[in-house]
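*Asks:* Sequence and predicted structure below; questions after.
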Amino acid sequence: IESHVPVETTSTGDYKELVDTGGMASGWVGETGSRSETATPSLEQVTPSFGELFALPKASNWSLEDMFFNVESWLTESAATEFAKAEGIAILTGDGTSKPTGILNGTPVSTDDDASPARAFGTLEYLPTGVAAGFGNDRAASPPGDPGDVLRDTVYGIKSGFLTNASWIMNKLTQATVRKWKDADGNYIWQPGLVSGQPNSLLGYNISEMAGMPNIGANAFPIAFGDFKAGYILVDRVGLSIIRDNLTAKGHTIFYMSRRMGGKVLDDQAIKLIKCATS
């Protein structure tokens, strides 16, 4: 998911981001008309929670000297791959303790963006499937419905400014379920990419597989939709750092590989969740 969110590089662990939460007002006036004071927009401060990803592999000096390939490069590439997986999981479900605070962390509510009173800043909105542990599928009901209705509600429930870069994320098992859904005319709502390398689409928006997303089940949030670049901030403190230690364990070299990262929801209106629940 790291490719879906912006990565900011910072020289300090005390990183903060200001978010305009709206509230600006305006009015019309003639040339000589009086101007009354208008409402001032509000700012909220987002402070990403930081942690350090690390790996501590050890290789014998003989292997470093005798292997026909570059062992250090191999270990570095393996660490980078593992870090990418761990970062992706943290962005989704991190609890904020020595790691980023994930998109699914916290307690989403069903309060929409324009409700009054407004939901707490940083709290995401969810849309219920209408079924306690899955998705509805009953076109014979009154009114008739299908499992894709909640997807349509989600698209229309997000502000239009976030739709240009919006996409769906879900895990592979959820994709297998959604891919079978059809509309009332019998057409699949999932559309495969027509050109090699082109992403699949769902109701006109790209779909990405994210292994860290929950499976379909009671009170789970198996699908997220929105502009993740606008909705989440990931902060990289110093990039990948590597320290070689050939003194601690005689005859071996220990590689300490680390990366300091922070993250948190930036704009709670940019991302919507779908919850398996009746309401």
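*Replies:* Here it is on my side, so go on.
*Asks:* In the protein, spot the helix with the most residues.
*Replies:* helix 71-93 (DSSP state H).
*Asks:* Give me the nearest residue to Thr76, chain neighbours excluded.
*Replies:* Ile242 (6.5 Å; Cβ to Cβ, 6 or more residues apart in numbering). Every residue, glycine included, has its C-beta placed from N, CA and C.
*Asks:* That neighbour and Tyr188, how far apart?
*Replies:* Ile242 sits at a distance of 47 Å from Tyr188 (criterion: Cβ to Cβ, to the nearest Å).
*Asks:* And for Ser241?
*Replies:* Here Ser241 is placed at a distance of 47 Å from Tyr188 (Cβ to Cβ).
*Asks:* What is the burial count for Glu125?
*Replies:* Neighbours of Glu125 under the rule other Cβ atoms under 10 Å: 22.
*Asks:* right, and it touches Ile274 too?
*Replies:* No: between Glu125 and Ile274 there is no contact, the gap being 10.5 Å when judged by Cβ atoms under 8 Å.
*Asks:* The nearest residue to Pro100 once chain neighbours are set aside pairs with what?
*Replies:* Nearest residue to Pro100, sequence neighbours excluded (Cβ to Cβ, 6+ apart): Gly263, at 3.0 Å. Applying DSSP bridges to Gly263 gives these bridge partners: Ser49, Leu234.
*Asks:* just for the protein, where's the confidence low?
*Replies:* 1-3, 11-13, 21, 23, 138-145, 193-197 (pLDDT under 70).
*Asks:* picking that back up, what's the separation between the residue nearest to Thr76 and Leu56?
*Replies:* Taking Cβ to Cβ, one finds Ile242 at 11 Å from Leu56.
*Asks:* circling back to that earlier point, I'd like to know how many residues surround the residue nearest to Thr76.
*Replies:* 13.
*Asks:* export the host helix or strand of it as CSV, just CAs?
*Replies:* Following DSSP states H and E, one finds Ile242 within strand 241-245. The C-alpha trace of strand 241-245 is given here as CSV (Å, rounded to 0.1, in the frame of the first residue of the first chain):
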residue,chain,number,x,y,z
SER,A,241,20.3,2.4,7.4
ILE,A,242,22.8,-0.4,7.5
ILE,A,243,25.5,-1.0,10.1
ARG,A,244,28.1,-3.8,9.7
ASP,A,245,29.5,-5.3,12.9
